[in-house]
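Novice: Predicted model and sequence follow; I will ask about them next.
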2 protein chains.
Amino acid sequence: MSLLTADRAAVGSARTRVYAALRDAILDARYAPGRKLSENELAGQFDVSRTPIREVLATLRDERLVEVVPQVGTLVTRISDEGVRDAAFVREALECAAVRLAAERARPDDVAGLRDDLKAQGRAVAAGDHRLFDRLDDELHQRLCVISGRAIAWDLSRRANGHLARVRRLSLPDPDYLDAMLAEHRGVVEAVAAGDADRAEDALRHHLRMVLSALPALRASRPEYFADPDPEG
Amino acid sequence: MSLLTADRAAVGSARTRVYAALRDAILDARYAPGRKLSENELAGQFDVSRTPIREVLATLRDERLVEVVPQVGTLVTRISDEGVRDAAFVREALECAAVRLAAERARPDDVAGLRDDLKAQGRAVAAGDHRLFDRLDDELHQRLCVISGRAIAWDLSRRANGHLARVRRLSLPDPDYLDAMLAEHRGVVEAVAAGDADRAEDALRHHLRMVLSALPALRASRPEYFADPDPEG
DNA sequence: GAGCCCCAACTTGCATACTAGTGTCCAATG
DNA sequence: CATTGGACACTAGTATGCAAGTTGGGGCTC
């Protein structure tokens, strides 16, 4: 623990630091699906004791990113159809409801903030910076939820998003994909700016479903990241 | 820890037991909003160490039922307009989306299960057993989510439901209220049975919003349970 | 050589000790 | 009498030790 006390409070205690790092590593598949994690090993890597590690793993378990088996170990979950469908369902339900409210409530400075985000996304696409685009993507969705007055929609959406977020991150290297995403973001933002709740909802719903289109290709290229397919549509 | 090992596994470890008891106590306001909780005291009451208590409190913090202030204490949150609105929003978004799917997918035995639940609710209303009705109410909503194929909708709905659940439990003593709730449940179930997604969604939306109608009376009768009103609609 | 059994090493769950920070209460002082 | 300073009791966060259980491999037996 090399941080000063004040910094620890600002950064949010060891737990926050470990959580962010570990979640990021799982989403990037640096901790690959199926890999076994050891509380002791992680404690050593992050230079903290097992206690905060255990709290972080409990949070990640709620997000379905890890599976804790008592007396056996903690595993990074494989990406499952069920998990991806659940995440997509939750995001669609919560964010589509939120974007309707956002369209009704958005004020000029809210719209300006959304457009700033779009511009930054345009620069990220031009620069081919997938990682930055990914962050700005999340930020845009968060902004929409905040504008709706129901910021909790983003909190829950994000928490339920683990399996889907891995699909998204692992699929990013296609430039056409980024262009399409950006175009869809623009459509959502313009509908919100116009105060058109129906159009905003439709645009966002379509957008959220598009992420799923990358799934079959990813499964084909990285079958070891996936659990066995399940038949349900 | 007086339970056998097998029972502990079935019951789900000390944490599950403590979680259920503590959550129930908070929802019933036996631990009143605003009350300070002590990890040490709770550990003594439940005859476990602070570790599982802390895990439970972390979960309850995610549900916004307690607020943990470092180096100060853990408080039962007061019921807030924001918290109630957030809970209502999340339930409406998730469960309305789920009930549409349920209406499309429900099979005869699913419908039979729903109707069994309704009958039990009728008996509970006749007997004036609010507590039982409350459980059956949750069960019905859960069934609908399970039928939809998106059981996660209920998981998240329940987790986000803390503030609203307290309103519901504390408001129960009105018999007309129970009658009205039961009638609305019937409307939802019949729409699902008929495979009418639009009607099911409308009925459920209306139903979920009705819970909010009990809020002003409760606030008037128990102002000490509530945080200061906030102006937003 | 094949199969079975047992043990050792590892796992998480829980209990406990320690650290650092906060608020309160009382006493001393202006 | 009011106010301020300080000690003390209590808090949550973290570290560590102990208990119970699983797994996999090595050695013994057939």
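Specialist: Structure received. Numbers count the residues shown, from 1 in each chain, chains lettered A, B, ... in the order given.
Novice: where does chain A dip in pLDDT?
Specialist: Low-confidence regions of chain A, defined by pLDDT under 70, span residues A:1-12, A:172, A:230-233.
Novice: Now the spatially most central residue of chain A. Nearest residue, chain neighbours left out?
Specialist: The centroid of chain A falls nearest to A:A165 when counting by Cα atoms, centre = their mean (4.4 Å). Nearest residue to A:A165, sequence neighbours excluded (Cβ to Cβ, 6 or more residues apart in numbering or on different chains): A:L27, at 5.3 Å. For glycine as for every other residue, the C-beta is placed from the backbone atoms N, C-alpha and C.
Novice: Might one say that the one you found is in contact with A:R169?
Specialist: Yes. A:L27 lies in contact with A:R169 (Cβ atoms under 8 Å); the separation is 5.3 Å.
Novice: Which of those two has more residues huddled nearby?
Specialist: A:L27 (20 against 15; other Cβ atoms under 10 Å in any protein chain shown).
Novice: so who does the more buried one touch?
Specialist: Contacts for A:L27 (Cβ atoms under 8 Å, 6 or more residues apart in numbering or on different chains) come out as A:L65, A:G162, A:A165, A:R166, A:R169.
Novice: for A:T74, phi and psi?
Specialist: A:T74 adopts backbone torsions of phi -120, psi 130, taken as degrees, to the nearest 10.
Novice: could you measure it against DNA strand C, distance?
Specialist: 4 Å (Cβ to the nearest atom of the strand, to the nearest Å).
Novice: Could you list everything that residue pairs with in the sheet?
Specialist: A:L37, A:V68 (DSSP bridges).
Novice: residues near it, how many?
Specialist: 19.
Novice: Ok, A:P216 next?
Specialist: A:P216 has 9 neighbours, counted by other Cβ under 10 Å.
Novice: ditto for the one 3 residues further on
Specialist: Neighbourhood size, A:R219 [other Cβ under 10 Å]: 16.
Novice: now do A:E67
Specialist: Around A:E67 there are 15 other residues, counting by other Cβ under 10 Å.
Novice: and the gap between it and B:V111?
Specialist: Noted for A:E67: a distance of 34 Å to B:V111, by Cβ to Cβ, to the nearest Å.
Novice: chain center to the top helix by length along chain A: distance?
Specialist: Secondary structure of chain A per DSSP state H: the longest helix is helix A:81-105. Remark: helix A:81-105 is offset 13 Å from the chain centroid, using Cα atoms, centre = their mean, to the nearest Å.
Novice: ok, and the residue nearest to the centre of chain A, which helix or strand is that part of?
Specialist: helix A:162-171 (DSSP states H and E).
Novice: Show me which residues of that helix are buried.
Specialist: Buried residues in helix A:162-171, counting neighbours by 16 or more other Cβ atoms under 10 Å in any protein chain shown, are found at A:G162, A:H163, A:L164, A:A165, A:R166, A:V167, A:R168, A:L170, A:S171.
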